[in-house]
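# the following comprises the amino acid sequence and a computationally predicted model.
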Protein chains: 2
Amino acid sequence: MKITGKQIIGYSNKSGAGSFKSVAIADNNSAPYVFEEGTAENVDAAAKKATEAFKTYKLIPTTTRVKFLEAIASEINSIREVLVATAQQETHLPQPRLNGEIDRTINQINLFVNLLKEGSWVNAIIDTANPQRQPLPKPHICQMLKPLGVTAVFGASNFPFAFSVAGGDTISALAAGCPVIYKAHFGHPVTSELVGNCIAEAAKKTGMPDGIFSLIQGKTTESGKALVTHKLVKAVGFTGSLAGGKALFDLVVKRDVPIPVYAEMGSVNPVFLLPGKLAEDAVSVAKTLAASNTMGVGQFCTNPGIILMVKSAATEEFLAQYKSSLSEAVGGKMLTDAIAGSYDKGIEQLRSLQSLKLLCAGVAGEGDTAVPHAFTISGKEFLKDKTLFEEYFGPVAIHVIADDTKQLTEIAETIPGQLTVSVWANQNDVTEFEDLFNILEEKAGRIMINNAPTGVEVTHAMIHGGPFPATTDSRTTSVGSQAIYRFTRPVCFQNYPQQLLPAELQNNNPLGIWRKVDGEMTKNATA
Amino acid sequence: MKITGKQIIGYSNKSGAGSFKSVAIADNNSAPYVFEEGTAENVDAAAKKATEAFKTYKLIPTTTRVKFLEAIASEINSIREVLVATAQQETHLPQPRLNGEIDRTINQINLFVNLLKEGSWVNAIIDTANPQRQPLPKPHICQMLKPLGVTAVFGASNFPFAFSVAGGDTISALAAGCPVIYKAHFGHPVTSELVGNCIAEAAKKTGMPDGIFSLIQGKTTESGKALVTHKLVKAVGFTGSLAGGKALFDLVVKRDVPIPVYAEMGSVNPVFLLPGKLAEDAVSVAKTLAASNTMGVGQFCTNPGIILMVKSAATEEFLAQYKSSLSEAVGGKMLTDAIAGSYDKGIEQLRSLQSLKLLCAGVAGEGDTAVPHAFTISGKEFLKDKTLFEEYFGPVAIHVIADDTKQLTEIAETIPGQLTVSVWANQNDVTEFEDLFNILEEKAGRIMINNAPTGVEVTHAMIHGGPFPATTDSRTTSVGSQAIYRFTRPVCFQNYPQQLLPAELQNNNPLGIWRKVDGEMTKNATA
């Protein structure tokens, strides 16, 4: 395993300026790897190469694009053991989880491969001509989605594979026909270089143009700023903190030419425990939520950070079991020292609040670990303090005890945008709390019943998104096949000769895809 | 016809502050109408009512929403003669054009009515459960589009019906399930009040909640600013100038909670005349383009403002005919005095440029009219002056004569975002200029061959949009059925009981709509 510590600019490695050290080391005796900081010049070189590459890439047949994506999966799989071992050093995540995450990453690539092979995703719409129409003939008009162009992607700290170099943002952009310039998270630069090389290798093997993919390393924010403000960059994907995502958004909207920013910035994922369900299942719900909150040291975007319920005997039972489960939960090492520092500071802050009572804390693990925590607060006090809706990244939950269901509904009205909202409900609750469900529908990208929010399926119907501040664009998702639509725009062709139309829009439908023709979905050829 | 000059706030008329006068008068002897300026308080009242209305409106059955839209069309049609006469006074557009525009407005409503009746537009996606999956059961996950909420719409000066009170933005937002607060264009306040009353009347007759629609009058920008920065407003639709649209965009992105802005800001709609076509058809193309450029006193968003060609004998023939056609074109009165003033100033500016030569001017009409103009410039000079891509709203075109096809392609590369690009080409040109078509595809929302850009069909496949600065969001259209998607976001439901799912997502598919189930399009029920 050779690590250069340089930027990957298309098919070349380029030096940066300044340096930072990796956490990972080749073996227990050697020194950490040294990485060069990507510069504005590196970004500019990548953007120019990517723009050139786009001219070719947007025209290559889908079958070739599919081969490229498949080759990425294959390259990653071929060095799976090295990747897992490296990511384990860099992120402190356990081996089975990382192995599973590689599976997820490969499955995600396959989802887009299948989407491209099937072909209907381009949203082909055709309105046929009517030369006899009075007073004027009606022209033939059709449209389909086309790629936006060079896309900047910022990887997340908490998923070194599935939301990183070859993660959902990169793969959906490449699938859409967009070159990608990837800014690696400084938490796992070695893993990033390794996966970056997999993509470069796959690109070479399948004859992709130089510049289809570049990777910029860096611990400072300079290269990221250069990237989102570069005039050749046409879209931005980001997974990370609210502060980071909003900062990028604020930079982008000041550009001469604004571009879309898809920042997924996490949330507190409120969980509503309804009375009927709680009376039936307090113990098992408590166990499930304690496990969900502490899983992976609480470092999931969909971690349940706020749990809401109405005062009752069942609520006491729930809290007793939650306390008992959490008290046995052992803390783990967090992704980076900075994240661990923030968590400790956050817990200190929560402990200092008069309105919160400590329910319990978990067990410190070996070495420097984040200890799970749970607090309780009354509904009345919770309504007074809007800062409690801010995310504390890590294994901590605030249990809100409302006086009654009216207060619970009142709290629901105040919830800011979330990735997920979960409700635990029995049949009776479902009928009784219809108004609550109608409120909650406006608050999140995904609402679930009797499921823990952690665990995001990679499917067609998944939405991993939601109203601000969960994301900067509630109209989209960063997980699942619909993620591809972030990197496209429709182009309309009027009165075009058949030979000039893309295959997707030609009368005889050579790709056999679903199309909307004169308002009807069909796979038939048009006249 | 009783005109109040007040704001329509749901089902009440409210006073504003300050006043401005209409152009229209009830008859030739009376005084103009006086309109009150909408205030921030009026906007706040409308936003609060609309938010309340949304709670009901988002839940009413589609069949009822359809009745509301149909009633709007019917109310408009019932006062068609008054509307045309009033709009004629206010906009100086001719009667047949205004009558046709009312037809277009009604057809547009019917397009959305049919879209709602058919029902598949909600993009229902279902991934069925697999309880047997290892290591974890797969939950049932589904998604569909839901309305964003209260929508602000700014009407255009140049289409007093089709892009105004009951125009595409308002109707697509209402169809999506969003209440609308409409800011009327000060150029036609009387027409706006009349159409606003039609919507209010239709809402009452079909039992819509108070606040589903409000209309704010105003000549200053104050109420518009209050509208787009109001925290209860969730989306903005706008048709107008680049300066106006960009100013709204810049206000919106500074909000605590950013929301989508769909500003359609016009463009110069470049027209490429390829050599083969010009050699065959110079005279008829010249006649068509001169007519397109001067139609409606050049006041269409898709007016062909820049016409590009390569130096040749056919080009000379084209210019001679264009000159001849334009010289006979009679000027007309523009929409407002401000617009007429801008046009005259723009022509003065173009006349003063060393690089431009006057090709010809048309004939002044009776009274205060905008005289059609055409200029020529060399490709070399044109490449030097990026300001020539700015829109001069009115009947003026700049003819760019490139030295050769290489220079023509070079110019194509520099085109900023456009609503449309048109190419005039024969079979040979289509083959020879493939690279040019590939470049142009990135420049506009709609590309057409051998069609004039004016004339925007209201169909499923239409895109009236394009990259910035033509619009602020190239992923959307403001004309055609796809316009509805601007006012929606997907919501994902996981592990939901059937009774709580919207009809669109229930297993037995009670609405009989197209859905994507486990990756396949089908109208079948799911297990």
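All right, it came through fine.

# now for A:I347, how many residues are close by?
By other Cβ atoms under 10 Å in any protein chain shown, 21 other residues sit near A:I347. For glycine as for every other residue, the C-beta is placed from the backbone atoms N, C-alpha and C.

# quick check: it vs A:T454, distance?
Look at A:I347 and A:T454: by Cβ to Cβ, to the nearest Å, they are 20 Å apart.

# now A:I60
Here A:I60 is placed at a distance of 38 Å from A:T454 (Cβ to Cβ).

# who are the neighbours in contact with the residue in the stretch 201-350 of chain A that chain B sits nearest to?
Relative to chain B, the nearest point of the stretch 201-350 of chain A is A:V253 (4.0 Å; Cβ to the nearest Cβ). A:V253 sits next to A:V261, B:F249, B:D250, B:V253, B:P258 when contact means Cβ atoms under 8 Å, 6 or more residues apart in numbering or on different chains.

# all the strands of the stretch 401-527 of chain A, residue numbers only.
Using DSSP state E, counting those that start in this stretch, the strands found in the stretch 401-527 of chain A span residues A:418-424, A:444-449, A:488-494, A:515-517, A:520-522.

# the fourth one close to chain B?
Right, strand A:515-517. Yes: Strand A:515-517 lies in contact with chain B when judged by Cβ under 8 Å from any Cβ of the partner chain; the contacting residues are A:K516.

# ok, so what distance separates the residue of the stretch 301-450 of chain A found nearest chain B from B:F300?
The nearest approach of the stretch 301-450 of chain A to chain B comes at A:M448, 3.6 Å away (Cβ to the nearest Cβ). Distance, A:M448 to B:F300, by Cβ to Cβ: 49 Å.

# who has more neighbours, these two?
A:M448 (24 against 21).

# which residue packs closest to that one, ignoring adjacent ones?
B:Q494 (3.6 Å; Cβ to Cβ, 6 or more residues apart in numbering or on different chains).

# got a list of what A:D210 touches?
The contact partners of A:D210, taken as Cβ under 8 Å, 6+ apart, are A:G10, A:Y11, A:K49, A:E52, A:A53.

# and the spatially closest residue to the second one that is not a sequence neighbour, what's its pLDDT?
For A:Y11, ignoring the flanking residues on the chain, the nearest one in space by Cβ to Cβ, 6+ apart is A:D210 at 4.8 Å. pLDDT, the model's per-residue confidence, is 98 for A:D210.

# likewise for the one 5 residues further on?
Each residue has a pLDDT score; the one for A:L215 is 98.

# ok, back up a step: just the buried members of the contacts of A:V253?
A:V261, B:F249, B:V253, B:P258 (16 or more other Cβ atoms under 10 Å in any protein chain shown).

# break chain A into its domains for me.
A:33-265+A:477-485, A:271-449 (automatic domain parsing).

# show me what the longest helix seen in chain A is packed up against.
Secondary structure assigned by DSSP state H gives helix A:95-118 as the longest helix of chain A. The contact analysis (3 or more Cβ pairs under 8 Å, 6 or more residues apart in numbering or on different chains; DSSP states H and E) places helix A:95-118 against helix A:62-78, helix A:80-91, helix A:168-176.

# from chain B, how far off is A:T4?
34 Å (Cβ to the nearest Cβ, to the nearest Å).

# phi, psi of that residue?
Phi and psi for A:T4, reported as degrees, to the nearest 10, are phi -90, psi -30.

# who's in contact with the nearest residue to it once chain neighbours are set aside?
Nearest residue to A:T4, sequence neighbours excluded (Cβ to Cβ, 6+ apart): A:N13, at 5.2 Å. Residues in contact with A:N13 (Cβ under 8 Å, 6+ apart) are A:T4, A:K6, A:Q7.

# what does A:K146 give?
By Cβ under 8 Å, 6+ apart, A:K146 lies in contact with A:K58, A:G177, A:T488, A:R489, A:P490, A:V491, B:E441, B:E442.

# any of the residues you listed buried? List them.
With burial judged by 16+ other Cβ under 10 Å, the buried subset of the contacts of A:K146 is A:K58, A:G177, A:T488, A:R489, A:P490, A:V491, B:E442.

# ranking the helices and strands packed on helix A:95-118 by mean neighbour count, which comes first?
Most buried of those, by mean neighbour count (mean count of other Cβ atoms under 10 Å in any protein chain shown): helix A:168-176, with a mean of 29.

# angle of that helix against strand A:488-494?
The directions of helix A:168-176 and strand A:488-494 differ by 20 degrees, with axes from the mean of the first three to the mean of the last three Cα atoms, to 10 degrees as the criterion.

# I'd say A:K58 and A:P147 touch.
Yes: taking Cβ atoms under 8 Å as the definition, A:K58 is a contact partner of A:P147 at 5.6 Å.

# next, show the common contact partners of the two.
A:G177.

# how about the residues of the stretch 251-400 of chain A near chain B?
Residues of the stretch 251-400 of chain A lying near chain B (Cβ under 8 Å from any Cβ): A:V253, A:V257, A:P258, A:P260.

# switch these over to CSV; also include secondary structure.
Formatted as CSV, these follow (DSSP: H, G, I helix; E, B strand; the rest coil):
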residue, secondary structure
A:V253, coil
A:V257, coil
A:P258, coil
A:P260, coil
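
# how about those in a markdown table, adding pLDDT?
Shown next, in a markdown table, are these (pLDDT from 0 to 100):
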| residue | pLDDT |
| --- | --- |
| A:V253 | 95 |
| A:V257 | 95 |
| A:P258 | 94 |
| A:P260 | 97 |
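
# and A:T51, what does it touch?
Counting by Cβ under 8 Å, 6+ apart, A:T51 touches A:G149, A:V150, A:P179, A:G211, A:L232.

# can you pull the pLDDT of the first one?
A:G149 carries a pLDDT score of 98 in this model.

# wait, what's in contact with the nearest residue to it once chain neighbours are set aside?
Ranked by Cβ to Cβ, 6+ apart and with sequence neighbours excluded, the top spatial neighbour of A:G149 is A:K234, at 3.6 Å. Neighbour list for A:K234: A:L148, A:G149, A:V150, A:T151, A:C178, A:I259 [criterion: Cβ under 8 Å, 6+ apart].

# so the fourth one touches A:P179, yeah?
What that stands for is A:T151. Yes: taking Cβ under 8 Å as the definition, A:T151 is a contact partner of A:P179 at 7.0 Å.

# strand partners (parallel or antiparallel) of the helix or strand of chain A with the lowest mean pLDDT?
Every helix and strand in chain A was compared by mean pLDDT, DSSP states H and E; the lowest is strand A:17-25, with a mean of 90. Here strand A:17-25 is paired, per DSSP bridges, with strand A:32-37 (antiparallel).
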